[in-house]
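[1] Here is the input, now give the coordinates:
(one chain, ligands or ions: 2)
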Amino acid sequence: MNEHVSLSVPADEQAPRPNSRKVFIKTYGCQMNVYDSGRMSDALAGEGYVTTEEMGEADLILLNTCHIREKAADKVYSALGRLRDMKKARAAEGRELMIGVAGCVAQAEGEEIIRRAPAVDVVIGPQTYHRLPEALRRARGGKPVVDTEYAVEDKFEHLPVTEKAKIRARGVTAFLTVQEGCDKFCTFCVVPYTRGSEVSRPVQQIVDEAWRLVDGGVREITLLGQNVNAWRAEGPKGGEWSLGDLLYRLAEIPGLARLRYTTSHPRDMDDRLIEAHRNLRTLMPYLHLPVQAGSDRILKAMNRRHTGAEYLRLIERIREARPDIAIAGDFIVGFPGETEKDFEDTLRLVEDVNYAQAYSFKYSTRPGTPGADLGDQVSEEVKAERLERLQALLLKQQAEFAKSCVGKVIDLLLEKPGRMPGQIIGRSPWLQSVNVDAKTSQIGDIIQVRISGTGPNSLFADPAESLIGA
Ligand code: 5AD
Ligand code: SF4
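    Ligands and ions are numbered 1, 2, ... in the order given. Alright, predicted model coming up:
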């Protein structure tokens, strides 16, 4: 999934009760962690915790961590060093501060976290966080608690539903996890080990959660999964449903204006899903479909199980179905054995696809993955040089895509207030941030605007003429 910078869960809308405790949740990594942080905040609400955006006033600080690359995991240990000092200072004032580590570092490192960072009270895995309140209660007894077993029970069945006030506070766009884990075992990736094997949530659980989100004011839902298009479950009348079927079902929910899903594997883009892109106006014309590399030799070594040509053919079929679709991708440079010629194959594939958005990384060796045992590791200098060349090309394509939008009239979902008075930030169908002066409109409205210009990370727009004075 795409990488986000660290985010904190928005503060609760409701006024804190007099004796309530406060939790600050810091989220690292992908959108699924953002979703999980929200659900952990739901689980803690039953214990009297309200979320805060001020770390200084928290009684519990929870780091929801990412293990995808070495740097992501290192960040957690340096944050824990700072929290240890904070806990000491608190103790001197006679105030409690509990520290929890959740997410993929928790799953991968378990007890090791307590050994390296003894100030931590609770280590909780991505499949057990419904048991977070119980773990905190046990940790209050004085001994740290590590709960990273793969729970036999379904955490979603045990989590309290998200309160309507919280849904409202989180905004008009929401994530909804439909699938977790991965059976693909790309040789560079820790996900199959940290998130376990593929599990799909049942249709009714998903539909019920989507209804609740829409009832709380959500207009756009992004379905999440490490391998979201591998989602499969029993349909309401028996028979197996795939993600395409689920999207058709969700598109029937009145008031739900937009659907998205992320992240997909090329092997699981089936005909039904492509057909959904052709037929469902609710399904936004944006697809994050990582390819990772362009050389067939490297794709094979990565265990991606498709060739560059197969990926290009797939993109062609998707574009036939939905000509205005924007394609986004992920890339890794410097996988073991990657030669200059292999890398040039990646550049050629990028030229052929023409990406609207992309995330690219230097290969990071992850202990325990097959890639870590391969010889012929690429030097840091070569990785850095290749990444620079790849990013220059991707940035050029992104800038061209943004420029191609200027002058177009598009639907904009208004998401949040902008920096200037009267300004609102919205989302285009292609997931771009767009600034518009829309004094008479409200957050949650979908309005027509004309794109007037581009900025470094966003676009500018004016309300479309047809609407002025309407
Ligand atoms: N090194 C570098 N990048 C990685 N990714 C996954 N594992 C690694 C790794 N070991 C990237 C892939 C994936 C994205 C979420 O992170 O591009 O699609
Ligand atoms: Fe990792 Fe590959 Fe699974 Fe994506 S498909 S989560 S890159 S193993």
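[2] The stretch 51-200 of the chain: helices as residue ranges?
    70-92, 103-109, 111-116, 132-139, 155-158, 164-170, 191-194 (DSSP state H, counting those that start in this stretch).
[3] doesn't residue 113 make contact with residue 83?
    No. At 12.0 Å, residue 83 does not count as touching residue 113 under the criterion of C-beta atoms under 8 Å. All C-beta atoms are positioned from the backbone trio N, CA, C, and that covers glycine.
[4] These two: which has the busier surroundings?
    A direct count of neighbours by other C-beta atoms under 10 Å for residue 83 and residue 113 places residue 113 higher, at 24 against 20.
[5] in stretch 106-125, what counts as buried?
    Judged by neighbour count using 16 or more other C-beta atoms under 10 Å, the buried positions of stretch 106-125 are 106-110, 113-114, 117, 119-125.
[6] do it and ligand 2 meet at all?
    No. Judged by C-beta under 6 Å from any ligand atom, stretch 106-125 makes no contact with ligand 2; its nearest approach is 13.7 Å.
[7] so how far does that stretch reach from one end to the other?
    Start to finish, the residues bounding stretch 106-125 are 6 Å apart (C-alpha to C-alpha, to the nearest Å).
[8] So which residues make contact with it?
    Residues from elsewhere that reach stretch 106-125, judged by C-beta atoms under 8 Å, 6 or more residues apart in numbering: 65, 67, 73, 77, 80-81, 83-84, 87-88, 98-102, 105, 126-127, 131-132, 135-136, 139, 144-150, 190, 193-195, 368.
[9] Need the CA coordinates for stretch 169-179. CSV is fine.
    This file holds the C-alpha atoms of stretch 169-179, laid out as CSV (Å, rounded to 0.1, in the frame of the first residue of the first chain):
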residue,chain,number,x,y,z
ALA,A,169,-14.8,13.5,13.4
ARG,A,170,-12.8,11.4,11.0
GLY,A,171,-14.2,13.1,7.9
VAL,A,172,-16.1,12.4,4.7
THR,A,173,-13.6,9.9,3.3
ALA,A,174,-13.0,6.6,5.1
PHE,A,175,-11.0,3.4,4.9
LEU,A,176,-12.6,0.1,5.3
THR,A,177,-10.4,-3.0,5.5
VAL,A,178,-11.9,-5.9,3.6
GLN,A,179,-8.9,-8.2,3.3
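[10] so how far is that stretch from its chain's centroid?
    Between the centre of stretch 169-179 and the centre of its host chain there is 10 Å, according to C-alpha atoms, centre = their mean, to the nearest Å.
[11] helices and strands around the longest helix seen in the chain, which ones?
    Looking only at the chain and at elements set by DSSP state H, the helix with the highest residue count is helix 380-405. With contacts taken as 3 or more C-beta pairs under 8 Å, 6 or more residues apart in numbering; DSSP states H and E, helix 380-405 sits against strand 326-333, helix 340-353, strand 357-362, strand 446-454.
[12] how about the first one, does it get close to ligand 1?
    Meaning strand 326-333. Yes. If you take C-beta under 6 Å from any ligand atom as the test, strand 326-333 does meet ligand 1, through 330, 332.
[13] That strand close to ligand 2?
    No. Against ligand 2, strand 326-333 shows no contacts by C-beta under 6 Å from any ligand atom, the least distance being 7.8 Å.
[14] What are the contacting residues of that strand?
    With C-beta under 8 Å, 6+ apart, strand 326-333 has contacts from 2, 188, 263, 285-293, 302, 315, 318, 343, 346, 350, 353-363, 383, 386-387, 390, 394, 401, 430-431.
[15] Tell me what the residue nearest to residue 455 when sequence neighbours are not counted is bridged to.
    Distances taken as C-beta to C-beta, 6 or more residues apart in numbering put residue 435 closest to residue 455, at 7.6 Å, once the chain neighbours are dropped. Listed beta-bridge partners, residue 435: residue 425, residue 460 (assigned using DSSP bridges).
[16] So for stretch 417-429, what gets flagged as buried?
    Residues of stretch 417-429 classed as buried under the neighbour-count rule (16+ other C-beta under 10 Å) are 418, 424-429.
[17] Start and end of it, how far apart?
    Using C-alpha to C-alpha, the distance between the terminal residues of stretch 417-429 is 19 Å.
[18] model confidence over that stretch, on average?
    For stretch 417-429, the mean pLDDT works out to 92.
[19] Now do it: distance to the chain's middle.
    Going by C-alpha atoms, centre = their mean, the spacing between the C-alpha centre of stretch 417-429 and its chain's C-alpha centre is 22 Å.
[20] Let me see the ranges of the strands in the stretch 101-250 of the chain.
    Assigned by DSSP state E, counting those that start in this stretch, the stretch 101-250 of the chain shows strands spanning 122-124, 145-147, 173-177, 179-180, 199-200, 220-224, 232-234, 240-242.
[21] Which neighbouring elements make contact with the last one?
    To tie it back to what came earlier, the one meant is strand 240-242. For strand 240-242, the contact count by 3+ C-beta pairs under 8 Å, 6+ apart identifies strand 232-234 as packing neighbours.
[22] outside of the strand it packs on, which residues touch it?
    Where contact means C-beta under 8 Å, 6+ apart, the residues beyond strand 232-234 that reach it are 200-203, 240-242, 246.
[23] From the contacts of stretch 106-125, list the buried ones, please.
    When the contacts of stretch 106-125 are checked against 16+ other C-beta under 10 Å, the ones flagged as buried are 65, 67, 73, 80, 83, 87, 98-102, 105, 126-127, 131-132, 135-136, 139, 144-148, 190, 193-195.
[24] Isn't residue 224 up against residue 32?
    Yes. Between residue 224 and residue 32 a contact is recorded at 5.1 Å, counting by C-beta under 8 Å.
[25] hang on, the earlier thing: determine which stretch of the strands of the stretch 101-250 of the chain is the most buried.
    Mean neighbour count, computed with mean count of other C-beta atoms under 10 Å, is highest for strand 122-124 among the strands of the stretch 101-250 of the chain, reaching a mean of 27.
[26] Quick check: can you name the pairing partners of that strand and their directions?
    As assigned by DSSP bridges, strand 122-124 forms pairs with strand 98-102 (parallel), strand 145-147 (parallel).
[27] Tell me the secondary structure of residue 368, please.
    When classified by DSSP: H, G, I helix; E, B strand; the rest coil, residue 368 comes out as coil.
[28] quick one, what contacts it?
    Residue 368 makes contacts with 108, 190, 193, as judged by C-beta under 8 Å, 6+ apart.
[29] Look up how far residue 256 lies from the second one.
    Okay, so that is residue 190. Here the distance between residue 190 and residue 256 works out to 34 Å (C-beta to C-beta, to the nearest Å).
[30] same deal with the first one?
    Plainly put, residue 108 is 36 Å away from residue 256 if you go by C-beta to C-beta.
[31] quick one: is stretch 359-370 near ligand 2?
    No. Taking C-beta under 6 Å from any ligand atom as the criterion, stretch 359-370 and ligand 2 are apart, separated by no less than 8.8 Å.
[32] buried sites along that stretch?
    By 16+ other C-beta under 10 Å, the buried positions in stretch 359-370 come out as 359-364, 366, 369-370.
[33] For residue 440, find the nearest of the strands paired with strand 122-124.
    Across the strands paired with strand 122-124, the minimum distance to residue 440, taken as C-beta to C-beta, is reached by strand 98-102, at 42.4 Å.
[34] the inter-axis angle of that closest one versus helix 132-139?
    Regarding strand 98-102 and helix 132-139, their directions subtend 130 degrees when assessed with axes from the mean of the first three to the mean of the last three C-alpha atoms, to 10 degrees.
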